[in-house]
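Asks: With the sequence up front, the predicted model follows.
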Amino acid sequence: MALNIVGKRESPLWQIIEYLQRNGSATIKELEDLLHVTTTAVRQHLNTLQAEGYIERRVVHAGVGRPHHAYFTTPRVQELFACHCDDLALTLLEELFHLEGKERTTELLDRVGTRLARKYASSVRSTLLHDRVDELARALNGNGILSDALVSDGDMIALRTYNCPFHELAQEHREICEMDRSMMEKVLGSDVSLSQCMLEGHAGCTFLVQRAPAVSGNGSAV
(Lines give C-alpha, C1' and ligand atoms only; values in the text may rest on other atoms or scores of the structure.)
Protein backbone atom coordinates (compact mmCIF):
# COMPACT_ATOMS: atom_id res chain seq x y z
CA MET A 1 0.00 0.00 0.00
CA ALA A 2 1.36 3.42 -0.96
CA LEU A 3 2.08 5.93 1.76
CA ASN A 4 -0.68 8.43 2.40
CA ILE A 5 1.55 11.47 2.89
CA VAL A 6 0.39 13.70 0.04
CA GLY A 7 -0.62 17.10 1.39
CA LYS A 8 0.76 16.31 4.88
CA ARG A 9 3.60 18.79 4.65
CA GLU A 10 4.17 18.74 8.40
CA SER A 11 4.97 15.01 8.40
CA PRO A 12 8.65 13.96 8.56
CA LEU A 13 8.21 11.63 5.58
CA TRP A 14 6.92 14.43 3.38
CA GLN A 15 9.62 16.83 4.56
CA ILE A 16 12.27 14.29 3.55
CA ILE A 17 10.69 13.78 0.12
CA GLU A 18 10.41 17.52 -0.48
CA TYR A 19 14.00 18.14 0.64
CA LEU A 20 15.31 15.43 -1.69
CA GLN A 21 13.26 16.78 -4.60
CA ARG A 22 14.59 20.28 -4.11
CA ASN A 23 18.21 19.39 -3.34
CA GLY A 24 18.77 16.19 -5.30
CA SER A 25 20.18 14.18 -2.39
CA ALA A 26 20.79 14.27 1.35
CA THR A 27 22.91 12.64 4.02
CA ILE A 28 21.55 11.43 7.35
CA LYS A 29 23.24 14.39 9.07
CA GLU A 30 21.49 16.85 6.74
CA LEU A 31 18.14 15.20 7.48
CA GLU A 32 18.85 15.31 11.22
CA ASP A 33 19.34 19.06 10.91
CA LEU A 34 16.19 19.35 8.78
CA LEU A 35 13.90 17.42 11.13
CA HIS A 36 15.65 18.19 14.44
CA VAL A 37 15.49 14.55 15.46
CA THR A 38 17.97 11.79 16.29
CA THR A 39 19.88 9.61 13.86
CA THR A 40 17.70 6.66 14.88
CA ALA A 41 14.51 8.56 14.04
CA VAL A 42 15.88 9.63 10.65
CA ARG A 43 16.86 6.05 9.83
CA GLN A 44 13.35 4.85 10.69
CA HIS A 45 11.80 7.38 8.30
CA LEU A 46 14.31 6.49 5.57
CA ASN A 47 13.64 2.78 6.02
CA THR A 48 9.92 3.43 5.55
CA LEU A 49 10.47 5.42 2.35
CA GLN A 50 12.94 2.85 1.03
CA ALA A 51 10.53 0.00 1.71
CA GLU A 52 7.88 1.82 -0.35
CA GLY A 53 10.36 2.37 -3.19
CA TYR A 54 10.36 6.19 -3.04
CA ILE A 55 14.02 6.65 -2.15
CA GLU A 56 17.29 4.76 -2.50
CA ARG A 57 20.71 4.88 -0.87
CA ARG A 58 23.84 5.30 -2.99
CA VAL A 59 27.56 5.57 -2.37
CA VAL A 60 28.80 9.04 -3.28
CA HIS A 61 32.41 9.73 -4.23
CA ALA A 62 33.07 13.44 -3.79
CA GLY A 63 36.44 15.18 -3.77
CA VAL A 64 39.40 13.65 -1.99
CA GLY A 65 37.50 12.50 1.10
CA ARG A 66 36.19 9.06 1.85
CA PRO A 67 33.06 7.89 -0.01
CA HIS A 68 29.83 8.38 1.91
CA HIS A 69 26.21 7.31 1.64
CA ALA A 70 23.46 9.66 0.52
CA TYR A 71 19.77 9.26 -0.23
CA PHE A 72 18.04 10.02 -3.53
CA THR A 73 14.47 9.84 -4.79
CA THR A 74 13.47 7.16 -7.28
CA PRO A 75 11.23 7.68 -10.33
CA ARG A 76 8.34 6.29 -8.28
CA VAL A 77 8.27 9.46 -6.19
CA GLN A 78 6.43 11.16 -9.06
CA GLU A 79 3.37 9.16 -8.01
CA LEU A 80 3.17 11.29 -4.87
CA PHE A 81 2.87 14.47 -6.94
CA ALA A 82 0.62 13.18 -9.71
CA CYS A 83 -2.86 14.60 -10.13
CA HIS A 84 -4.23 11.02 -10.11
CA CYS A 85 -6.09 11.64 -13.35
CA ASP A 86 -3.30 10.81 -15.80
CA ASP A 87 -4.97 7.67 -17.16
CA LEU A 88 -8.19 9.52 -17.98
CA ALA A 89 -6.39 12.62 -19.25
CA LEU A 90 -4.07 10.57 -21.44
CA THR A 91 -6.98 8.65 -22.94
CA LEU A 92 -8.90 11.87 -23.62
CA LEU A 93 -5.85 13.51 -25.17
CA GLU A 94 -5.20 10.51 -27.43
CA GLU A 95 -8.81 10.62 -28.60
CA LEU A 96 -8.56 14.34 -29.27
CA PHE A 97 -5.43 13.87 -31.38
CA HIS A 98 -7.22 11.09 -33.28
CA LEU A 99 -10.51 12.94 -33.82
CA GLU A 100 -9.40 16.56 -34.09
CA GLY A 101 -5.77 16.36 -35.20
CA LYS A 102 -2.65 17.90 -33.68
CA GLU A 103 -3.46 21.51 -34.58
CA ARG A 104 -6.91 21.53 -32.96
CA THR A 105 -5.68 19.63 -29.90
CA THR A 106 -2.82 22.09 -29.48
CA GLU A 107 -5.35 24.92 -29.63
CA LEU A 108 -7.35 23.22 -26.89
CA LEU A 109 -4.29 22.85 -24.68
CA ASP A 110 -3.56 26.54 -25.20
CA ARG A 111 -7.07 27.34 -23.97
CA VAL A 112 -6.49 25.12 -20.94
CA GLY A 113 -3.24 26.96 -20.30
CA THR A 114 -5.07 30.28 -20.51
CA ARG A 115 -7.56 29.12 -17.89
CA LEU A 116 -4.72 28.03 -15.62
CA ALA A 117 -3.08 31.41 -16.16
CA ARG A 118 -6.25 33.16 -14.98
CA LYS A 119 -6.24 30.97 -11.89
CA TYR A 120 -2.65 31.82 -10.96
CA ALA A 121 -2.91 35.48 -11.98
CA SER A 122 -4.98 36.21 -8.88
CA SER A 123 -1.92 35.39 -6.77
CA VAL A 124 0.55 37.39 -8.87
CA ARG A 125 0.00 41.08 -8.19
CA SER A 126 3.42 42.77 -7.97
CA THR A 127 4.58 45.19 -10.66
CA LEU A 128 8.21 44.04 -10.30
CA LEU A 129 9.02 41.02 -12.45
CA HIS A 130 11.27 39.29 -9.91
CA ASP A 131 8.51 39.59 -7.31
CA ARG A 132 5.96 38.30 -9.81
CA VAL A 133 8.10 35.21 -10.44
CA ASP A 134 8.41 34.71 -6.68
CA GLU A 135 4.63 35.06 -6.26
CA LEU A 136 4.02 32.52 -9.02
CA ALA A 137 6.47 30.10 -7.39
CA ARG A 138 4.58 30.43 -4.10
CA ALA A 139 1.25 29.88 -5.86
CA LEU A 140 2.61 26.76 -7.56
CA ASN A 141 3.89 25.49 -4.21
CA GLY A 142 0.43 26.02 -2.79
CA ASN A 143 -0.91 23.70 -5.48
CA GLY A 144 1.58 20.95 -4.76
CA ILE A 145 4.19 21.88 -7.39
CA LEU A 146 7.53 22.36 -5.63
CA SER A 147 8.97 25.57 -7.03
CA ASP A 148 11.66 28.18 -6.43
CA ALA A 149 12.34 31.57 -7.96
CA LEU A 150 16.08 31.93 -8.60
CA VAL A 151 18.06 35.00 -9.55
CA SER A 152 20.16 34.38 -12.65
CA ASP A 153 22.80 36.41 -14.42
CA GLY A 154 22.03 38.83 -17.21
CA ASP A 155 18.48 39.52 -18.28
CA MET A 156 16.98 36.26 -17.03
CA ILE A 157 15.21 35.10 -13.89
CA ALA A 158 14.77 31.37 -13.37
CA LEU A 159 11.69 29.61 -12.06
CA ARG A 160 12.52 26.02 -11.17
CA THR A 161 10.00 23.24 -10.55
CA TYR A 162 10.94 19.90 -8.98
CA ASN A 163 7.91 17.77 -9.80
CA CYS A 164 5.13 17.60 -12.37
CA PRO A 165 1.47 16.76 -11.64
CA PHE A 166 1.12 15.60 -15.26
CA HIS A 167 4.35 13.60 -15.39
CA GLU A 168 3.03 10.49 -17.17
CA LEU A 169 0.89 12.58 -19.50
CA ALA A 170 3.84 14.80 -20.43
CA GLN A 171 5.97 11.73 -21.16
CA GLU A 172 3.58 10.86 -23.96
CA HIS A 173 2.78 14.40 -25.10
CA ARG A 174 5.39 17.11 -24.70
CA GLU A 175 2.69 19.61 -25.67
CA ILE A 176 1.94 19.61 -21.93
CA CYS A 177 5.35 21.20 -21.31
CA GLU A 178 4.53 23.88 -23.87
CA MET A 179 1.19 24.48 -22.16
CA ASP A 180 3.01 25.10 -18.85
CA ARG A 181 5.55 27.41 -20.49
CA SER A 182 2.82 29.40 -22.20
CA MET A 183 0.79 29.60 -18.99
CA MET A 184 3.74 31.12 -17.13
CA GLU A 185 4.29 33.60 -19.95
CA LYS A 186 0.67 34.75 -19.72
CA VAL A 187 0.83 35.12 -15.93
CA LEU A 188 4.17 36.92 -15.80
CA GLY A 189 3.76 39.11 -18.88
CA SER A 190 7.29 38.28 -20.09
CA ASP A 191 8.87 35.80 -22.48
CA VAL A 192 9.48 32.40 -20.87
CA SER A 193 11.63 29.56 -22.25
CA LEU A 194 12.08 26.01 -20.96
CA SER A 195 15.83 25.49 -20.68
CA GLN A 196 15.87 22.21 -18.72
CA CYS A 197 13.21 19.51 -18.44
CA MET A 198 12.99 16.60 -16.01
CA LEU A 199 11.78 14.42 -18.87
CA GLU A 200 15.27 14.80 -20.35
CA GLY A 201 16.95 13.51 -17.19
CA HIS A 202 17.34 16.77 -15.28
CA ALA A 203 16.49 16.99 -11.57
CA GLY A 204 13.75 19.48 -12.34
CA CYS A 205 12.38 21.85 -14.97
CA THR A 206 13.97 25.29 -15.33
CA PHE A 207 11.95 28.07 -16.93
CA LEU A 208 13.92 31.19 -17.86
CA VAL A 209 11.97 34.43 -17.62
CA GLN A 210 13.22 37.35 -19.68
CA ARG A 211 13.29 40.59 -17.76
CA ALA A 212 12.00 42.63 -20.69
CA PRO A 213 8.18 42.22 -20.93
CA ALA A 214 6.60 40.37 -23.79
CA VAL A 215 4.71 42.71 -26.11
CA SER A 216 1.44 41.95 -27.86
CA GLY A 217 0.54 42.88 -31.41
CA ASN A 218 -0.94 46.22 -30.33
CA GLY A 219 2.29 47.23 -28.60
CA SER A 220 1.11 46.68 -25.04
CA ALA A 221 2.52 44.28 -22.47
CA VAL A 222 0.64 41.00 -22.18
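Replies: In hand now; what should we look at?
Asks: make it CA atoms for all contacts and neighbour counts henceforth
Replies: Noted.
Asks: List the strands paired with the lengthiest strand in the chain, with their directions.
Replies: Taking DSSP state E as the criterion, the chain has its longest strand at strand 205-213. Here strand 205-213 has these sheet partners by DSSP bridges: strand 156-161 (antiparallel), strand 190-196 (antiparallel).
Asks: So which bits of the longest one are buried?
Replies: Of the residues in strand 190-196, those scored as buried under the neighbour-count criterion (16 or more other Cα atoms under 10 Å) are Ser190, Asp191, Val192, Ser193, Leu194, Gln196.
Asks: gap between it and the chain center?
Replies: Strand 190-196 has its C-alpha centroid displaced from the chain centroid by 14 Å (Cα atoms, centre = their mean, to the nearest Å).
Asks: Also stretch 197-212?
Replies: Worked out by Cα atoms, centre = their mean, stretch 197-212 lies 9 Å from the chain centre.
Asks: Likewise for stretch 25-34?
Replies: 22 Å.
Asks: Give me the contacts around that stretch.
Replies: Ile16, Tyr19, Leu20, Thr38, Thr39, Val42, Arg43, His69, Ala70, Tyr71, Phe72, Thr73 (Cα atoms under 8 Å, 6 or more residues apart in numbering).
Asks: Name the nearest residue to the last one, ignoring sequence neighbours.
Replies: If I follow you right, that is Thr73. Ile55 (4.2 Å; Cα to Cα, 6 or more residues apart in numbering).
Asks: shouldn't the one you found be in contact with Tyr71?
Replies: Yes. With contact defined as Cα atoms under 8 Å, Ile55 reaches Tyr71; the gap is 6.6 Å.
Asks: I appreciate the help and will end here.
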